[in-house]
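Student: I would like to see how this sequence folds:
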Amino acid sequence: MIRLLAVCLILVLFFAKAVAQKEIAVKPLPEICLTQTEIELYKLINEYRAQKGLTEIKLSASLCFVAHTHAKDQTDNFKDGGRCNMHSWSKNASWSSCCYTPDHKKAKCMWDKPRELTNYQADGFEISFYSTYSYSSPEAFAKDILNGWKKSPGHNDVIMNKSIWKNMKWKSIGIGIYGEYADVWFGAVEDSAGEVVPCE
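Tutor: Below is the predicted model:
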């Protein structure tokens, strides 16, 4: 009997170790850095929230990686004018693709992307912006992005925790700008993936 219990204990420890190693080993992130425009946008979002008494959201390396990845995918593959909106993901990479439609039937495709691409084990929520305008400075670009979201009730609600988002407390944020697309991802769980630094 004692021998059987010992064998069972060894098996439990073995599988626990295997699971832990699997969790630790998956999806290492490259070094994440932010451009001047991305840093300015992050600053403006937190300043806007502070005006309404909302807390600052910490930068997340994981969510920045997701935001950068999606902005590049949008630039390379997204075609405006179809039934799929900017929250869609193309079929041209190893991630799970989806056509995100206005009825939000594919919302899980968005929510799961941080888990799919990184070790961030919580839902992610994205707001997106597109512009072909030639801006005079990174600050002007960042200001126009935020102004666009302020004018859109659905996007503004996410930033300011209003309406259906009023009970959410954002603890992580990711910023990604590539080409003419800008994406910001929000999460309700803190990220332990490391520092986000300015690009050199």
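Student: Show me the helices in this structure, by range?
Tutor: 2-25, 36-51, 61-77, 107-111, 113-117, 138-150, 153-160 (DSSP state H).
Student: which non-adjacent residue is nearest residue 80?
Tutor: residue 130 (7.5 Å; Cβ to Cβ, 6 or more residues apart in numbering). Quick note: C-beta positions are derived from backbone N, CA and C, even for glycine.
Student: Against residue 120, how distant is that neighbour?
Tutor: From residue 130 across to residue 120, the span is 25 Å (Cβ to Cβ, to the nearest Å).
Student: and what of residue 32?
Tutor: To residue 120, residue 32 is 12 Å away according to Cβ to Cβ.
Student: if you count what's nearby, which of these two comes out ahead?
Tutor: Using other Cβ atoms under 10 Å, the more surrounded residue of residue 32 and residue 120 is residue 120, with 28 against 22.
Student: Could you list which residues are in contact with the more buried one?
Tutor: Residue 120 sits next to 60, 62-63, 66, 114, 172, 187, 189, 191, 193 when contact means Cβ atoms under 8 Å, 6 or more residues apart in numbering.
Student: What of residue 61?
Tutor: Contacts of residue 61 by Cβ under 8 Å, 6+ apart are 29, 32, 174, 191, 193-196.
Student: Compare those residues and tell me which has the most neighbours.
Tutor: residue 174 (33 neighbours).
Student: what number of residues lie near the nearest residue to that one once chain neighbours are set aside?
Tutor: Excluding the flanking residues, the one nearest residue 174 by Cβ to Cβ, 6+ apart is residue 63, at 2.5 Å. Residue 63: 34 surrounding residues under other Cβ under 10 Å.
Student: What separation do you get for residue 63 and residue 126?
Tutor: From residue 63 over to residue 126 (counting by Cβ to Cβ), the distance is 9 Å.
Student: any residues in contact with both of those two?
Tutor: 185-186.
Student: which residues are contacting stretch 157-169?
Tutor: The contact list for stretch 157-169 (Cβ under 8 Å, 6+ apart) reads 45, 48-49, 52, 54-55, 125, 127, 149, 153, 156, 170, 184, 186, 188.
Student: could you redo the last one with a cut-off of 7 Å?
Tutor: The contact list for stretch 157-169, computed with Cβ atoms under 7 Å, 6 or more residues apart in numbering, reads 45, 48-49, 52, 54, 125, 127, 149, 170, 186, 188.
Student: ok, of the residues you listed, which one's closest to residue 135?
Tutor: residue 149 (16.0 Å; Cβ to Cβ).
Student: On the pLDDT front, check the residue nearest to that closest one when sequence neighbours are not counted for me.
Tutor: Leaving aside its sequence neighbours, residue 149 sits nearest to residue 155 (Cβ to Cβ, 6+ apart; 4.0 Å). pLDDT, residue 155: 98.
Student: Nothing else from me, thank you.
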